[in-house]
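# this is the structure alone, sequence omitted:
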C-alpha cells in the first residue's frame with residue numbers, strides 16, 4: 001500500500017453509555033461526541049470509538065492493549081484516580097512481570113478488559 005496509514009481505531013460497547021463516557025474522561029481520555037450514540041476518545045494521539053451498544057458476549061470478549069513507556073509510573077497515576085472507588089464494576093489488578101515485559105489490567109464499567117503494559121527494552 002502506498003498511501004500512509006494514519007491510525008487504527010477499535011469500536012467498543014457500553015452497558016451504560018453515560019457511565020462509560022464519564023469513566024473514560026476520568027481515565028484521562030478526551031472525548032469528541034460524534035452522535036448521541038457514538039463518541040471518539042483519544043489520548044496522546046491514539047484513540048477508540050465508544051458506542052451506546054451492548055452485546056454481552058461481544059463486550060465480555062473485548063480487550064485493548066495500551067502500551068506505555070513506564071508502566072510503574074502509569075500505574076501510580078492510575079491508582080491515584082481511584083476509578084474502582086468511583087465506578088461500579090471497575091477493577092484494577094496489580095502489575096505482573098511476563099517474559100515480554102510488564103502489564104496490569106483494568107476492567108471498565110462494562111467489562112472491557114484493558115491490558116496496560118510496557119515491553120522489555122532490548
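Great, that's in hand. The model shown is predicted, which means the values in this text are computed figures rather than measured ones. Numbers count the residues shown, from 1 in each chain.
# ranges for the helices of the chain?
Assigned by DSSP state H, the chain shows helices spanning 17-27, 56-60, 71-81, 83-86.
# run the chain-centre distance for the last one.
Its chain's C-alpha centre and that of helix 83-86 lie 15 Å apart, by Cα atoms, centre = their mean, to the nearest Å.
# one more: the first one?
Relative to its parent chain, helix 17-27 has a centroid offset of 11 Å by Cα atoms, centre = their mean.
# packing partners of it?
Here helix 17-27 touches strand 30-35, strand 46-51, helix 83-86, going by 3 or more Cβ pairs under 8 Å, 6 or more residues apart in numbering; DSSP states H and E. Using the backbone N, CA and C atoms, a C-beta is placed for each residue, glycine as well.
# then the shortest one?
Under the contact criterion of 3+ Cβ pairs under 8 Å, 6+ apart, the helices and strands touching helix 83-86 comprise helix 17-27, strand 91-92.
# tell me which of these is the most buried.
helix 17-27 (a mean of 18; mean count of other Cβ atoms under 10 Å).
# related to what we said a few turns ago, looking at the helices and strands packed on helix 17-27, which one is packed in the most?
The highest average neighbour count among these, using mean count of other Cβ under 10 Å, belongs to strand 46-51 at a mean of 18.
# all set, thanks.
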